[in-house]
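Participant: Task: produce atomic coordinates for the following.
(one chain, ligands or ions: 1)
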Amino acid sequence: MADKNIPYKIYLEENEMPLNWYNVRADMKNKPAPLLNPGTHQPMTAEELGGVFCADLVAQELDNDTPYIPIPEEIRKFYKMYRPSPLVRAYCLEEKLGTPAKIYYKFEGNNTSGSHKLNSAIAQAYYAKKQGLKGVTTETGAGQWGTALSMACAYLGLDCKVYMVKVSYEQKPFRREVMRTYGASVTPSPSMETNVGRKILAEHPGTTGSLGCAISEAVEVAVSNPGYRYVLGSVLNQVLLHQSVIGLETKAAMDKYGVKPDLIIGCAGGGSNLGGLIAPFMGQKLRGEEDYRIIAVEPASCPSLTRGVFAYDFCDTGMVCPLAKMYTLGSDFIPAPNHAGGLRYHGMSPVLSQLYHDGLMEAVSVPQTKVFDAAELFARCEGILPAPESSHAIRVAIDEALKCKESGEEKTILFGLTGTGYFDMVAYEKYHDGKMDDYIPTDEELQSYFAKLPKVE
Ligand SMILES: *Cc1c(COP(=O)(O)O)cnc(C)c1O
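Facilitator: Prediction:
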């Protein structure tokens, strides 16, 4: 069954690696809606955004027209430490499933941070350094983004302050120590160091925190300390732009071997890995050159695309950040405490939201025990112990391959394997001990969050 012309792992030569990021917005007929000022509801200007974000990143955020943006040489030099990432033909998984489908995955877990987040972390740290800043602030939930940013800041000699959701800070002490090894300061959020943290603690004593709350704290610290800016690891247009390196490498490798995916699958939290993986393929689709089926996979416990509404919403709990038009569950939404599979953000990238709204991609949600079934099957035949987030994509890739087995179709399936799960063994433990459940929010619950969305004309 195996096609011996195609190696197990495909790496690109150095001179085949991308020199430019690809900005899919340039080819979108319906551009993503602009970020709005939370007070005036007017589009955020570059000047307003510049108080929070680095200048070059603001320019990238607002650029809906330039298709290719050069990757600065220093960033390419850093990328070469861990890129190109391998594109792997999952021969063992195909055999195990007995499917005629050909399955490929792009593996982004081959760096110490263990995920694709380093691709944008180094870019954001680079532009902060270029602007002569002292440092950056950010939030981290599961810890992958904080780790990636710490690595990038250590490389460039920037200060890095991370607000880590308290429950993760306590449950993942080793993640925390990795960040400190790379020189970051790590504060459990909510903390007593910020106005917003003190306010949240006064209103909800004993809270274990949320991403939205940690974002509010990190933004406050950035805007009130000269020489600091805030950086974010997902959702924003600029992050999807940086992550396009994943898709560009994938496409170059597939083109080299004459392979074309029929189906492209990725997990979606804030949408950055999926947006990056699909970028050049979506570009072809938007230009009418090729067609692909594209599927976003999200947890049934945090189903922003499949059950959320397409509306302007706050990006954070403290309501200090700009409003973004996106598929959202409401900025107060917090997934059930038993949800261990990551992808917990209430909203979705405005770019992906618009593409989904325009019918250019699909979305499905999957319950977490089914996700861990897939993770374990994958680990046992492909060797890699996947992150729970990545395993959402594995689940749907397996389901689609099994459909091919029934129909006899030899489809080519590509999915994004965003990272490794070594820091998620508490989640795996719950799964192995049968203590994991599949809590799915009711319509009534979701309605209560939708009712609180900001009213934007
Ligand atoms: C952060 C993360 C995700 C989800 O974020 P996106 O922005 O949706 O890509 C997925 N997988 C891993 C391993 C992550 O660390």
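
Participant: how far away is Gly330 from the ligand?
Facilitator: Computed as C-beta to the nearest ligand atom, to the nearest Å, the Gly330 to the ligand distance reads 18 Å. C-beta coordinates here come from the backbone N, C-alpha and C atoms, glycine included.

Participant: Who are the contact partners of that residue?
Facilitator: With contacts defined as C-beta atoms under 8 Å, 6 or more residues apart in numbering, the neighbours of Gly330 are 313, 346, 446, 449-450, 452-453.

Participant: tell me the two of the residues you listed that are most distant?
Facilitator: With distance counted by C-beta to C-beta, no two of the contacts of Gly330 lie farther apart than Asp313 and Leu446, which are 13.1 Å apart.

Participant: which one of the two has more residues nearby?
Facilitator: Taking other C-beta atoms under 10 Å, Asp313 and Leu446 do not tie; Asp313 has more neighbours (28 against 17).

Participant: That one pairs with what?
Facilitator: On DSSP bridges, the residues paired with Asp313 through beta bridges are Ala324.

Participant: centroid residue for the chain?
Facilitator: Centroid check for the chain by C-alpha atoms, centre = their mean gives Ser272 as the closest residue, at 3.8 Å.

Participant: ok, back up a step: show me the contacts of Gly330 that map onto helices.
Facilitator: Among the contacts of Gly330, DSSP state H puts 446, 449-450 in helices.

Participant: What lies in contact with stretch 89-103?
Facilitator: Residues from elsewhere that reach stretch 89-103 (C-beta under 8 Å, 6+ apart): 1-3, 6-10, 104-105, 259, 377-378, 381-382, 397-398, 400-402, 404-405, 408-413, 415.

Participant: Got a quick PyMOL command for the buried subset of the residues you listed?
Facilitator: Per 16 or more other C-beta atoms under 10 Å, the buried members of the contacts of stretch 89-103 correspond to this PyMOL selection:
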select buried, resi 6+10+104+105+259+377+378+381+382+397+398+400+401+404+411+412+413+415
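
Participant: show me what contacts the residue nearest to the centre of the chain?
Facilitator: Under the criterion of C-beta under 8 Å, 6+ apart, the neighbours of Ser272 are 116-117, 120, 233-235, 239-240, 243, 349.

Participant: from the residues you listed, which are also near the ligand?
Facilitator: Of the entries in these, the ones placed beside the ligand under the rule of C-beta under 6 Å from any ligand atom are 117, 234.

Participant: Could you export the contacts of Ser272 as JSON lines, including pLDDT?
Facilitator: Listed next are the contacts of Ser272 as JSON lines, based on pLDDT from 0 to 100:
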{"residue": "His116", "pLDDT": "98"}
{"residue": "Lys117", "pLDDT": "97"}
{"residue": "Ser120", "pLDDT": "98"}
{"residue": "Gly233", "pLDDT": "94"}
{"residue": "Ser234", "pLDDT": "93"}
{"residue": "Val235", "pLDDT": "94"}
{"residue": "Val239", "pLDDT": "98"}
{"residue": "Leu240", "pLDDT": "98"}
{"residue": "Gln243", "pLDDT": "98"}
{"residue": "Ser349", "pLDDT": "97"}
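
Participant: how about the contacts of Ser272 in a markdown table, adding neighbour count?
Facilitator: Shown next, in a markdown table, are the contacts of Ser272 (neighbours: other C-beta atoms under 10 Å):
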| residue | neighbour count |
| --- | --- |
| His116 | 31 |
| Lys117 | 30 |
| Ser120 | 29 |
| Gly233 | 25 |
| Ser234 | 23 |
| Val235 | 25 |
| Val239 | 30 |
| Leu240 | 31 |
| Gln243 | 28 |
| Ser349 | 28 |
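
Participant: Now render the contacts of Ser272 as a markdown table, adding secondary structure.
Facilitator: Compiled in a markdown table, the contacts of Ser272 are given as follows (DSSP: H, G, I helix; E, B strand; the rest coil):
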| residue | secondary structure |
| --- | --- |
| His116 | coil |
| Lys117 | coil |
| Ser120 | helix |
| Gly233 | coil |
| Ser234 | coil |
| Val235 | coil |
| Val239 | helix |
| Leu240 | helix |
| Gln243 | helix |
| Ser349 | coil |
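
Participant: Perfect, that will be all.
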